[in-house]
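S.K.: Turn this into a model:
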Amino acid sequence: MKVAYAVYEHKTYRLLTLYRGSLVTFIFGKTLRVGSTNEDNAEAITLMSADIDRIGYSMTLVHEVYAGFIEIAIALWQLHRLLGIAIVAPVGWIIGMTTSNSGRLETSLTTLYSLLDYRGPCCKGSS
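M.R.: Numbers count the residues shown, from 1 in each chain. Presented below is the predicted three-dimensional model:
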């Protein structure tokens with residue numbers, strides 16, 4: 001199991017590195033095509049690293065999202081084989097708790113992202 005997880009982490013990190021390299025190339029190429037008198041050119045290069053790190057982190061979560069649905073489906077199928085119709089109560093409880101807490105989660109994430117997105121007074125309006 002540990003070997004499979006290590007291979008997964010390696011492949012994910014490799015994909016992330018390829019994706020970040022492509023993004024850096026595209027953004028840097030775009031800034032080279034923009035005129036040197038344009039003020040946004042310097043801001044784009046300044047914010048490039050932070051934005052690419054954020055995008056790269058969210059790209060690793062993409063695999064977790066679709067794999068999570070597959071894992072849930074397999075787990076529910078196995079529980080149904082063991083418990084039969086008795087699986088309805090725990091699944092209903094999980095769905096109920098997830099939907100009741102989604103509003104608080106959204107508020108917390110909005111606050112967190114606003115704190116993480118602070119760019120300082122020199123870069124206002126460039127997000």
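S.K.: next SSE after the strand or helix carrying residue 58?
M.R.: In this assignment (DSSP states H and E), residue 58 forms part of helix 40-83. Remark: after helix 40-83, the chain's next helix or strand is helix 88-116, criterion DSSP H and E.
S.K.: packing partners for that next one?
M.R.: Helix 88-116 sits against helix 40-83, with contacts defined as 3 or more CB pairs under 8 Å, 6 or more residues apart in numbering; DSSP states H and E. For glycine as for every other residue, the C-beta is placed from the backbone atoms N, C-alpha and C.
S.K.: Give me the angle between the helix it packs on and helix 88-116.
M.R.: 170 degrees (axes from the mean of the first three to the mean of the last three CA atoms, to 10 degrees).
S.K.: Give me the pLDDT value at the residue nearest the centre of the chain.
M.R.: The C-alpha lying nearest the average C-alpha coordinate of the chain belongs to residue 58 (CA atoms, centre = their mean; 2.1 Å). Note for residue 58: predicted pLDDT of 79.
S.K.: Residue 14 versus that one, what's the distance?
M.R.: Distance of residue 58 to residue 14, computed by CB to CB, to the nearest Å: 17 Å.
S.K.: cool, and residue 104?
M.R.: 36 Å.
S.K.: again, but for residue 100
M.R.: As judged by CB to CB, residue 100 and residue 14 stand 39 Å apart.
S.K.: same question, residue 98
M.R.: To residue 14, residue 98 is 33 Å away according to CB to CB.
S.K.: go on, residue 24?
M.R.: From residue 24 over to residue 14 the distance is 16 Å, taken as CB to CB.
S.K.: Also residue 34?
M.R.: Counting by CB to CB - residue 34 and residue 14 are separated by 31 Å.
S.K.: And the helix holding residue 58, what does it pack against?
M.R.: Looks like helix 40-83 contacts helix 2-33, helix 88-116 (3+ CB pairs under 8 Å, 6+ apart).
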